[in-house]
Structures are given as structure tokens and as C-alpha cells.
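Participant: I'll drop the sequence and a predicted model, then ask my questions.
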Amino acid sequence: MRMSSDGFVHVSDVLRGSLEGERVRLRGWVHRIRKQKKMVFVLLRDPSGVVQTVIKRGVVSDEEYSAATKMLVESLVALEGTVKADARAVGGYEVQVDHLDVLHFAEEFPITENQSVEFLNDNRHLWIRSRKMTNVLKVRDEVFRAAREYLRQNGFYETTSPMFVSTMGEEGAELFEVDYFGRKVFLTQTGQMHLEPQLFALERVFTLAPSFRGEKSRTRKHLTEFWHLEVEEAWCDHDANIRRQEELITHMCHSVVKNRAAELDELGVDPERLLRIGPPFDRMTYEDAIEECQRRGLDIEWGQDIRTEAEHVLTQDRDTFLIVEFYPKEIKSFYMKHNDADPRTYKNNDMLAPQGYGEVIGGSQREDDAQRLIENLLRIGDDPEKYRWYIDLRRYGSVEHSGFGVGVDRLITWMLGLEHIRECVPFPRTVSRIYP
């Protein structure tokens, strides 16, 4: 039991059952309220859960009971009372209140049942208090924690990359242009290019930060601002890079089950869905993936990217992640390693989530030869001079290295079986939404 310095316990402490018959102090918000002639039932919410409390006339003072009858949803209260087991109550326990202090009388709460998605997004600052959002955010916290845990246990250092950049990091993604004291710069699409210099000092590095993509995509998988876990590792080839991805995703999935079982249960997520994830993941070449899509009737040719419809075809019947490797150079970024086995391709991979949830990881072995990097830039019509500092890395002690980026929001969307990526983000940013 965690007791605060002023003697308050959390709702979860009550629901564990060890405090039955004891007098406790609780504080939180009115989640639901039902008023009768001689008693008021309040579902009290704090960050740890919801518990039923009963306020009876004659048990609390007349002044306190009068205050209870005036409370509305989201009023802030502190109360004291005795814990009693009750199978009818939420969580199997209730608190019989003998002292009530209303710290703030809330106004009429604008969110009620059956509100539209647009209304809930307009009131995101209030909707975030809902049980669903509270539980989703707890799972999100565990995903972040587990990622850092795995990487630190495996010798990675957490670092940072700049948000303002002067060069392009990804092919095909629109950049957000920013006026930087009269100079044109961009919000970063990826921290990768500024992570790579740091591995020459630290060997294994990662960052967890926002990335920005100006794609005008209005799908359930796209945000203009998303959280990006990016990893770079020296002495790491293509196959080792894929093994690292598999281990990391597995650790994150299993940690959510271990540490957020109650939240998964309340969200209606079967933990076996996450526990069955484990290496090695399913794996196929880009060429085989295109042929598979063609066999299933898709109009797609070698050289085209694997997008939403193709992702769905390839993963709709899978219970684990699919790794597609060796994409054509024309549809991937210039910094990827040349593939001697098939010179049309790079040593790269995408990881697709099961059941059509789309790409959650993009990764590659990085090109470590300066001349080949220059040739890649010239081939796509870009100026190598803009990337002089990046090419320098290949001139002074170049090392075999690889890396990848995890779209954390997409991963959580799959984990919880959510309909839209915005459901797992506190304040989502999309093509059409910048408020609140």
C-alpha cells in the first residue's frame, strides 16, 4: 500500500482487499454520482482506479450531506470512511463515508454518453479523464518504460537529436518548413542522421522523441506528429538489426501483459494476443511479398511501395509480425546499405503489425562507404554537399552499423486493437486537427 505523507491511500489499495474493515482517507474526482433521498452513491476516481463510496444522511454532518447532494460529475473531494466488501460494488469493495470535504464543485460536465468522435476530440482535454483514455495512457507509459528498460539492459545510451534540421531524412515524406531567423529549415522527420554520429562515441544509442511528417494522409494510421523510438548500433549488420527489432518488440509486448494486466482487462484486450509474440517473426523478401499480393489479386508491380491495401493482404491472417526485407532502392532512402545479392535493392526491412495494422518499424543497415553514399545522392538528384557532415562519418573510422525507427503510436494501436491511432495519443495532431 502506498500512503501519502498526509495519510491518503489510493483507490487501488482499497480494491486489493487488504484494507477491509479499516478506516481510510481517499481523494479524487466524482466519476459517477447517484442521489437518493437518504444517501448518495459516488464512484470516486483517482489515477489508480474507481471505487464506490456511500454517503449517508446522519452518518456525515448535515453540512457535508448537503454538499454531497450538490456535487456534480468531476467535483473534487476528499473523504474518510470504512472499507467494506460488497460484491455488488465496482471492484467488490465500497467505502462507507463518515467525513466528506468537497474541495471543488464542478460545473455541468459537457461529456455524456454517446458523444460523437468529433465532439470528444474537440474536448480532448476533458475526455482524457475517461476510463478508456486513462487505461490507454497507462499502457502507453508501460510501452515507453519497457523500451527504455530493454535498450539499457543491452548497453544502449539514451540521447537526443535536434528538432530543427536542414536536410531531408526520408524519401517521399513531406517536410514542415519553418522560418529559422530568416533561414529555411524543417521540423525533423527522423533523428537517425544525428544519432549516427553519436554511435562513433557510444556504439549503441537511442532516442525517444516526436517526429513530424507533412503527409496529407487521412487514414487511421497517420498523424502529423508522432512518437518515434530510434535505435542505432555499431558492429551490427542487417540480420543482427532484425534480431534486435524482434527482441525489443517482444519485450515491450510481454512487459505490458506483466505490468498492465488490469488495464488490458478493462480495455477488453486478450493478453494472449501479446504473449504469443516472440522471435523469430515471420519473414519474406519484398519480391516474395509483391508476388503474394499479385496472387491474391492486387494490382501491384515490383518497384511500387507496399502500402495500406498490400499490408492488409500480407498480415490479415497473421498472429505475429511480418518482416519484409530488401526493398528497391527507388522507394527507399539514400543512406541504406547496398545489397550485393540483389543490386536493385538495399539491405533494409519494414516490420508490419498483424491483422492489417500496418508498418510499425522501418530499418536498415546503413551505408558505410563514403563514395557509395555520394553516388546514391547523385542518383536521386540531391546535392552531396548538403550532407557533407554526414558523409564525413564514413571518412574517419567508418564502422558497420544499422538502425531502425519504431512508430510507438502505431504499435500501441495494434496492441490494444484500437480503431484509430489518435485513440492512443493524449493530444493527437492530424491533417485536420491542431486543437486543443
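Facilitator: Perfect, I can see it now. Numbers count the residues shown, from 1 in each chain.

Participant: For the stretch 1-150 of the chain, just list every one of the strands.
Facilitator: In the stretch 1-150 of the chain, the strands defined using DSSP state E, counting those that start in this stretch lie at 23-35, 39-46, 49-56, 76-85, 93-104.

Participant: Quick one, grab the pLDDT at W302.
Facilitator: What the model reports for W302 is a pLDDT of 98.

Participant: what about it, helix or strand, and which?
Facilitator: Using DSSP states H and E, W302 falls within no helix or strand.

Participant: so it sits right up against I290, yeah?
Facilitator: Yes - with contacts counted by Cβ atoms under 8 Å, W302 reaches I290, the gap being 5.3 Å. Just so you know, the C-beta spots here come from the backbone N, C-alpha and C atoms, and that holds for glycine as well.

Participant: okay, these two: which has more neighbours?
Facilitator: Shown here are W302 and I290; by other Cβ atoms under 10 Å, I290 has more neighbours (22 against 11).

Participant: how far does the helix or strand harbouring the more buried one sit from the chain's center?
Facilitator: If you go by DSSP H and E, I290 is part of helix 286-295. Computed by Cα atoms, centre = their mean, to the nearest Å, the chain-centroid distance of helix 286-295 equals 30 Å.

Participant: quick one: the next helix or strand after that helix to helix 286-295, angle?
Facilitator: The element immediately downstream of helix 286-295 (helix or strand, assigned by DSSP H and E) is helix 308-315. Calculated by axes from the mean of the first three to the mean of the last three Cα atoms, to 10 degrees, helix 308-315 forms an angle of 100 degrees with helix 286-295.

Participant: Report the strands that pair with the following helix or strand past helix 308-315, each with its relative direction.
Facilitator: With elements assigned by DSSP H and E, the helix or strand that comes after helix 308-315 is strand 322-325. Looking at strand 322-325 with DSSP bridges, its partner strands are strand 282-285 (parallel), strand 348-353 (antiparallel).

Participant: what sits up against the first one?
Facilitator: Judged by Cβ atoms under 8 Å, 6 or more residues apart in numbering, the contacts made with strand 282-285 from elsewhere in the structure are I242, E292, R318, T320, F321, L322, I323, V324, E325, F326.

Participant: what distance separates it from the centre of its chain?
Facilitator: Centroid displacement of strand 282-285 relative to its chain, using Cα atoms, centre = their mean, is 25 Å.

Participant: Buried ones in it, by neighbour count?
Facilitator: By neighbour count, with 16 or more other Cβ atoms under 10 Å as the criterion, the buried positions of strand 282-285 are D282, M284, T285.

Participant: export the strands paired with strand 322-325 to CSV and tack on mean pLDDT and distance to S255?
Facilitator: Shown next, in CSV, are these (pLDDT from 0 to 100; distance: least, Cβ to Cβ, whole Å):
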stretch, mean pLDDT, distance to S255
strand 282-285, 98, 22
strand 348-353, 98, 17
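
Participant: is it true that M351 touches G358?
Facilitator: No - the pair M351 / G358 is not scored as a contact, 10.1 Å apart, by Cβ under 8 Å.

Participant: Between the strands of the stretch 1-150 of the chain, which one is closest to N376.
Facilitator: Closest of those to N376 is strand 49-56, at 53.7 Å (criterion: Cβ to Cβ).
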